[in-house]
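S.K.: the sequence and its predicted three-dimensional model are supplied below.
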Amino acid sequence: MPVALYSFKIDEDGRTRVGHIFLAPNEQEADALQKKHADACPKYGPAFREGKTIDILADVDTLPEADEESLEEFLALDGDEEEGEEDEEDEEEETPEPEAEE
C-alpha cells in the first residue's frame, strides 16, 4: 500500500519548523528515500542520525501526481470538504424542547 512518511526535524529549542514528506509505494521504499535524503542533507541528516526527528507513517490511497493541483488535493489544501463530510453543526439536528405542562 502507498505510504507517506512525514518527518519533522526537532530544533535545539524543542520546536519543529521544517518537515519532510517521503512518498513511496511502500514503507521500505519510504525508509530508503528518507535515509538517502539524510545522507545528502547537511541539516536534516545529523538530526535524523541522532534521533532528533519525529516520524509519522501514514497509509494513503494513492500517491499524488507531480503537479500543484494534485499535491494541494493530497495535502487537503484545496479548500473543499471531502465528499460525504459535513460540519458537525450540520450533523446535529435540533430537537424541539418539550412544551411545559400548565
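M.R.: Yes, it's here.
S.K.: out of the helices and strands in the chain, which is least certain?
M.R.: Least confident helix or strand, the chain: helix 88-91 with a mean of 47, by mean pLDDT, DSSP states H and E.
S.K.: surely Gly19 and Lys9 touch.
M.R.: Yes. Under the criterion of Cβ atoms under 8 Å, Gly19 makes contact with Lys9 at 7.5 Å. Where C-beta positions appear, they are placed from N, C-alpha and C, glycine not excepted.
S.K.: higher neighbour count, the two?
M.R.: Ranked by neighbour count (other Cβ atoms under 10 Å), Gly19 and Lys9 place Lys9 first, with 19 against 12.
S.K.: my guess is Asp55 meets Leu5, correct?
M.R.: Yes. Here Asp55 reaches Leu5: they are 6.4 Å apart, a contact under Cβ under 8 Å.
S.K.: packing partners of the longest helix along the chain?
M.R.: Taking DSSP state H as the criterion, the chain has its longest helix at helix 27-40. In terms of contacts (3 or more Cβ pairs under 8 Å, 6 or more residues apart in numbering; DSSP states H and E), helix 27-40 is packed against strand 3-10, strand 16-24, helix 44-49, strand 53-59.
S.K.: now render these as TSV, adding distance to Gln34 and mean pLDDT.
M.R.: Below are these laid out as TSV (distance: least, Cβ to Cβ, whole Å; pLDDT from 0 to 100):
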stretch	distance to Gln34	mean pLDDT
strand 3-10	6	98
strand 16-24	5	97
helix 44-49	7	97
strand 53-59	8	98
